[in-house]
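> just to be clear, the model below is a prediction. Sequence and coordinates:
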Amino acid sequence: MPAVHLRDVLANDLPAFFEQQRDPIANQMAAFPARGHEAFMAHWTRILADKSNILKTIVFDGQLAGNIVSWEQPDVGSRRKVGYWLGREFWGKGIATQALSLFLQQVTARPLYADVAKHNLASIRVLQKCGFTIVAEDNEAPHTGDEGVDDVMLILRD
């Protein structure tokens, strides 16, 4: 099986990330709307400039598969969060689990939190395989459509 590895995000990764986040099926699964090009570039410019963020490109079999990031969320008690995004052609191959496992070897801050749409069972399973446990469920403001999105919060402790 081809190896997954992580490397620092490069500026020339952003066009691929932009296209991956435009996938309507991925948007529905993540319950997160796609950003337009200008908003996407502004977002990545901001997060690349923040040295407290940890940003990695996921590479699988020599191909850019997605990204995995960790950031401080000060509005909820400075929790460190983790999130990832894979291009749909890379789903179902164990790539997210391998990437998150590698990432957690590099990012040793604990506790580490993740928020996932409740219907995104594959992502919840990835997190659980890597040691995260569900600690809360809620119905937050909607990310897409008119209905609320049921979210699951997971935590990785020591």
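Arrived safely, thanks for sending.

> what lines up beside the one helix or strand in the chain whose mean pLDDT sits lowest in the sheet?
Counting by mean pLDDT, DSSP states H and E, the chain has its least confident helix or strand at strand 133-140, which shows a mean of 83. Strands that pair with strand 133-140, judged by DSSP bridges, come out as strand 149-156 (antiparallel).

> so for the partner strand, what gets flagged as buried?
Buried residues in strand 149-156, counted by 16 or more other CB atoms under 10 Å: 149, 151-156. (C-beta placed from N, C-alpha, C; glycine too.)

> may I see those residues organised as JSON lines, with pLDDT and distance to Ile25 added?
Shown next, in JSON lines, are the buried residues of strand 149-156 (pLDDT from 0 to 100; distance: CB to CB, whole Å):
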{"residue": "Val149", "pLDDT": "72", "distance to Ile25": "16"}
{"residue": "Asp151", "pLDDT": "93", "distance to Ile25": "19"}
{"residue": "Val152", "pLDDT": "95", "distance to Ile25": "20"}
{"residue": "Met153", "pLDDT": "95", "distance to Ile25": "24"}
{"residue": "Leu154", "pLDDT": "97", "distance to Ile25": "23"}
{"residue": "Ile155", "pLDDT": "97", "distance to Ile25": "28"}
{"residue": "Leu156", "pLDDT": "98", "distance to Ile25": "27"}
